[in-house]
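> sequence first, predicted model second:
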Amino acid sequence: MTAHVIDGDRLAEELRASVEADAAALADEGVAPGLATVLVGDDYASIAYERRVRRLTEELGCRFASEHLPADAAQADVLAAVGKLNADPRVSGVLVLRPLPPQVDEGDVYRTLDPLKDIEAVHPDNAGLLALGQPRFVPSTPASVFWMLDRYVESTGRDPASFYNGLDLVLVGRSNNVGKPALWLGLARNATVVSAHHHTAEAGRLEEHARRADILVVAAGVPRLVTAAMVKPGAIVIDVGINPETDPATGRVHLVGDVDFDSVAEVAAAVSPVPGGVGPITDVFLLSNTVRAARLRAAIDR
Ligand code: NAD
């Protein structure tokens, strides 16, 4: 293996220390950040994510609340749950966990969120501000991707403020919560950004685009989609994918990324692993955004 393996667990610890300090400074001003989740149904991954986020929130001395609705909840009940959290002054930030069941319109739920509590920037106001390069909140997963990239670039003695200028950044996946916001963040760093998605793959052109990338960010939800043949030698590869896989021999479930780590590590300059890559940083960024939301609200109320 030749690539540097980016240690997401260590970076998450570093970020956590600064978020902890921020939350403590806010507490000294009499402001207590609070995070609330909206969970509809019993999706295994969402419940696991909520559990992790709750633990972290409480460890940082912040309040946690949850609105848990059954899988057959009516749209009106979900909107009412969001409205309740919007009105609760103890809640600074609201996370709506995906997937929502088919009878609930995701867009309607997002539009109902108080934009000042919309820490994942899913409300059109916040998504628009991000697209304009004036973010109120940067969604936690793409924020983590670029925070990880910036730290790696710094560790090689280069300046993240100019490193991306004109480089080819290829994003695989164009979801509203990861791929699209990452596109805006890449443009804001002056990269030449290409958005590849399942139609790119269906047209047989994924490899051609991926191989051009100086920086390749993969968020497709397809286990080991990106192999060494799709990576330019010396590229930086960030794997966002989290895919549960059952070992046929033991029956045990483990997580794999969207990148074929072993082969890609032979050609890339740096690669982030799964688990232990983007995931742990994302959890901390969510809290960072919650603290930011509490600070914004306190400034308005002052
Ligand atoms: P999504 O299903 O909403 O979107 C997937 C995207 O990938 C789509 O734009 C689709 O067009 C594209 N795609 C699908 N198959 C493809 C293919 N064969 N080739 C190219 N593009 C393809 O998923 P999402 O919510 O963006 O999540 C993507 C992955 O990232 C999942 O594995 C998810 O679990 C993971 N994820 C990780 C974190 C984290 O913190 N690390 C956070 C969110 C999501």
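Received, thanks. Numbers count the residues shown, from 1 in each chain.

> from here on, just use CA atoms for contacts and neighbour counts.
Noted.

> now residue 36: which helix or strand?
Under the criterion DSSP states H and E, the helix or strand holding residue 36 is strand 34-40.

> what do you get for residue 68?
Under DSSP H and E, the secondary-structure element containing residue 68 is strand 63-69.

> with adjacent residues omitted, what lies nearest to residue 50?
Sequence neighbours aside, residue 37 is the residue nearest to residue 50 in space, at 7.4 Å (criterion: CA to CA, 6 or more residues apart in numbering).

> neighbours around that neighbour, how many?
Taking other CA atoms under 10 Å as the criterion, the count of residues near residue 37 is 22.

> same check, this time on residue 203
Neighbours of residue 203 under the rule other CA under 10 Å: 8.

> mind checking the backbone torsions on it?
Geometry field for residue 203 lists phi and psi as phi -80, psi 0, criterion degrees, to the nearest 10.

> need the per-residue pLDDT for it.
The predicted local confidence for residue 203 comes out at a pLDDT of 98.

> equivalent analysis for residue 222, please.
In this model, residue 222 carries a pLDDT of 98.

> my guess is it contacts residue 255. True?
No: counting by CA atoms under 8 Å, residue 222 sits too far from residue 255 to count as a contact (11.8 Å).

> how about the nearest residue to the residue in the stretch 1-150 of the chain that the ligand sits nearest to, chain neighbours excluded?
Closest contact between the stretch 1-150 of the chain and the ligand, by CA to the nearest ligand atom, is at residue 141 (4.9 Å). In space, not counting the residues next to it along the chain, residue 141 is nearest to residue 282; the distance is 5.2 Å by CA to CA, 6+ apart.

> any idea how far the one you found lies from residue 11?
If you measure residue 282 against residue 11 using CA to CA, to the nearest Å, the figure is 11 Å.

> cool, residue 77 as well?
Separation of residue 77 from residue 11 (CA to CA) stands at 39 Å.

> the two - which one has more neighbours?
With neighbours defined as other CA under 10 Å, residue 77 and residue 11 compare such that residue 11 has more, 20 against 12.

> element containing that one?
Residue 11 belongs to helix 8-28 when elements are defined using DSSP H and E.

> residue 107 now?
In this structure, residue 107 is located in helix 106-112 according to DSSP H and E.

> can you list the buried residues in that helix?
106, 109, 110, 112 (16 or more other CA atoms under 10 Å).

> which among the residues you listed gets closest to residue 164?
Proximity to residue 164 was ranked across those by CA to CA; first place goes to residue 110, at 31.7 Å.

> the closest one and residue 74: what is the separation?
According to CA to CA, residue 110 and residue 74 sit 16 Å apart.

> ok, the residue nearest to residue 141 touching residue 147?
No: Residue 282 is beyond contact range of residue 147, at 9.9 Å (criterion: CA under 8 Å).

> many thanks, have a good one.
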